[in-house]
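Undergrad: I would like the atomic coordinates for the input below:
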Amino acid sequence: MASSTNNQFILVLFSFLLVLKTSSSFGNHSSTDGILPFAPKHVVVVNKLTSQAKLIAHCTNKEKDLGVKELLPGSSFDFRFRVNLRKTTRYTCTFEWPGNKVTFDIFRVDRDDTPKSEFGVCRECIWYIYEPAPCRLDRDAGIPYCFDWNS
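TA: Prediction:
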């Protein structure tokens with residue numbers, strides 16, 4: 001009898017997660033952001049180099065290579081995804097401009113999709129790439145959070 005109850009619970013949970021994963025809503029923030037898996041994310045990377053140099057960006061995660069992007073000053077590229085079930089989603093980008101090559105985790109669950117993070121949850125993660133640091137814009141407060149390069 002317990003096995004049947006467990007199977008029903010698993011089926012209901014799986015159905016709920018499937019509906020959540022296949023939802024195409026990227027609308028307003030939800031109270032479940034950062035709590036449930038499969039949270040939709042939109043990352044925007046903007047070339048804000050003060051030298052006005054072209055920025056070369058190459059972003060990847062374990063399963064996906066987003067290709068090499070050439071960004072003129074002020075231009076941007078973006079991508080969308082959902083946080084995985086285990087909440088281990090991470091996208092790392094290599095950025096190059098004359099005389100520099102650096103890497104940065106442009107999305108990390110522990111920083112960008114955790115309600116307890118000091119930086120808050122971002123559904124739309126807007127990153128300004130400056131020479132000294134990448135900065136994530138908090139659209140609500142209008143305050144950028146700047147971070148150290150990985151390397």
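Undergrad: residue ranges in this structure under the pLDDT threshold?
TA: 1-37, 140-141 (pLDDT under 70).
Undergrad: what's the helix or strand for the residue nearest the centre of the chain?
TA: Closest to where the C-alpha atoms of the chain average out (Cα atoms, centre = their mean) is F107, at 3.6 Å. Using DSSP states H and E, F107 sits within strand 100-108.
Undergrad: tell me the buried residues in that strand?
TA: Of the residues in strand 100-108, V102, F104, D105, I106, F107, R108 count as buried by neighbour count, 16 or more other Cβ atoms under 10 Å. C-beta coordinates here come from the backbone N, C-alpha and C atoms, glycine included.
Undergrad: please state the offset of that strand from the chain centre?
TA: 12 Å (Cα atoms, centre = their mean, to the nearest Å).
Undergrad: repeat for stretch 135-147
TA: Centre-to-centre, stretch 135-147 and its host chain are 14 Å apart (Cα atoms, centre = their mean).
Undergrad: helices or strands up against the strand holding F107?
TA: Judged by 3 or more Cβ pairs under 8 Å, 6 or more residues apart in numbering; DSSP states H and E, the packing partners of strand 100-108 are strand 40-47, strand 90-97, strand 124-129.
Undergrad: contacts made by it with the rest, please.
TA: With contacts defined as Cβ atoms under 8 Å, 6 or more residues apart in numbering, strand 100-108 is touched by 41, 43, 45, 59, 89-96, 111, 113, 125, 127, 131, 134, 147, 149-151.
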